[in-house]
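Peer 1: sharing a sequence plus its predicted fold:
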Amino acid sequence: MTTPKILSAIGAASLACALGTYLSAHGGNTALIHGCADNKNGALRIIAAASSCKNGESPLDWNIAGVQGPPGTTGTPGGIGPQGPPGEGSLRVVDSLGVEVGPLGPRSGVIANTHDTVLVEVSGGRWVAVAVGFDGFILQLPPGGFRLNYETSDCTGQAYGAYSFKTSRSFLGDGYVENGVVYYALPSDGVPHSFQSRRDLGSATCEPQDSFGAMATVHTHALSDYGVPFSVVR
């Protein structure tokens with residue numbers, strides 16, 4: 001081989017080596033995702049930041065985090081949330097020793113048409129309005145009374161009753177007091193039951209019955225002992 005041919009071969013090899021290094025080397029930038037694409041079939045593989053592509057592959061880099069897009073459109077405003085219990089500064093019912101019974105209830109509902117009410121927290125941030133007067137809690141029933149229905153024959157076990165309209169999930173509406181216990185209804189689960197006995201709230205008489213249907217579950221909450229008379233303060 002002549003000297004010019006030898007020099008040409010050396011130069012070509014050096015150029016190929018330099019070109020191969022340029023195409024296959026990554027700069028070790030950990031802020032990028034590094035990959036190698038096969039020059040024949042386009043197959044892609046991900047490699048470490050300091051690694052290099054093989055012969056016959058071309059290096060490709062991607063940003064790990066893309067450019068932030070424009071702000072989205074404003075969403076539709078949500079509905080009005082349920083009314084919470086009165087806050088500090090509102091009228092409150094207290095007993096003879098100044099112990100707070102609860103916030104003065106809303107002037108709405110069946111009971112509030114004839115009596116003042118006090119809001120009683122029955123469970124988990126849920127409240128009912130109970131009739132009150134100077135002498136304490138009052139059993140004030142809705143028109144037609146409040147009937148408790150039972151699957152047993154002796155008026156024991158889970159009670160079921162008619163479900164009255166509730167204004168929100170936190171305010172359950174009216175509650176009815178009997179012997180220091182508040183009775184209130186939650187929505188029916190839609191499952192029908194067979195009822196064998198019944199009792200009207202305020203009466204100790206248990207009567208037999210034979211009926212079938214879906215009714216609301218009746219829950220109870222024991223009231224604390226308060227001294228009378230009750231009064232309203234701010």
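Peer 2: Now that the structure is in, tell me what you want to look at.

Peer 1: where in this structure is pLDDT low?
Peer 2: 1-27, 79-89, 107-112, 164-169 (pLDDT under 70).

Peer 1: got the domain boundaries for it?
Peer 2: The chain resolves into domains spanning 3-63, 92-233 when parsed by automatic domain parsing.

Peer 1: hey, which of those domains is tucked in deepest?
Peer 2: Mean neighbours per residue, mean count of other C-beta atoms under 10 Å, is largest over those for domain 92-233, with a mean of 16. Where C-beta positions appear, they are placed from N, C-alpha and C, glycine not excepted.

Peer 1: first to last residue in that domain, what's the distance?
Peer 2: In domain 92-233, first residue to last residue: 5 Å (C-alpha to C-alpha, to the nearest Å).

Peer 1: with stretch 59-68 instead?
Peer 2: Terminal-residue distance, stretch 59-68 (C-alpha to C-alpha): 25 Å.

Peer 1: ok, now which ones touch the residue lying closest to residue 227 once chain neighbours are set aside?
Peer 2: Using C-beta to C-beta, 6 or more residues apart in numbering and skipping the chain neighbours, the partner closest in space to residue 227 is residue 96 (3.8 Å). Taking C-beta atoms under 8 Å, 6 or more residues apart in numbering, we find residue 96 in contact with 226-230.

Peer 1: quick revisit: nearest to residue 75, out of the domains of the chain?
Peer 2: domain 92-233 (22.4 Å; C-beta to C-beta).

Peer 1: would you reformat the domains of the chain as TSV and include distance to residue 73?
Peer 2: Converted to TSV, the domains of the chain look like this (distance: least, C-beta to C-beta, whole Å):
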stretch	distance to residue 73
domain 3-63	26
domain 92-233	30
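
Peer 1: tell me which of those sits nearest to residue 77.
Peer 2: Nearest of the domains of the chain (C-beta to C-beta): domain 92-233, 18.2 Å.

Peer 1: ok, now which ones touch residue 148?
Peer 2: By C-beta under 8 Å, 6+ apart, the neighbours of residue 148 are 155, 159-161, 183, 198-201, 218.

Peer 1: list the ones among these that fall in helices.
Peer 2: The members of the contacts of residue 148 all map outside helices under DSSP state H.

Peer 1: closest one of the residues you listed to residue 174?
Peer 2: Looking across those and measuring by C-beta to C-beta, the closest to residue 174 is residue 183, at 9.8 Å.

Peer 1: what separation is there between the residue nearest to the closest one when sequence neighbours are not counted and residue 208?
Peer 2: Nearest residue to residue 183 in three dimensions, chain neighbours excluded: residue 176, at 4.9 Å (C-beta to C-beta, 6+ apart). Taking C-beta to C-beta, to the nearest Å as the measure, residue 176 falls 23 Å from residue 208.

Peer 1: over to residue 183?
Peer 2: For residue 183, the distance to residue 208 - C-beta to C-beta - is 21 Å.

Peer 1: same deal with residue 184?
Peer 2: Distance, residue 184 to residue 208, using C-beta to C-beta: 26 Å.

Peer 1: all helices for this structure, in order.
Peer 2: 3-24.

Peer 1: list the contacts of the residue nearest to residue 161 when sequence neighbours are not counted.
Peer 2: Spatial nearest neighbour of residue 161, excluding adjacent residues (C-beta to C-beta, 6+ apart): residue 218 at 4.6 Å. For residue 218, the contacting residues are 148, 158-161, 183-185, by C-beta under 8 Å, 6+ apart.
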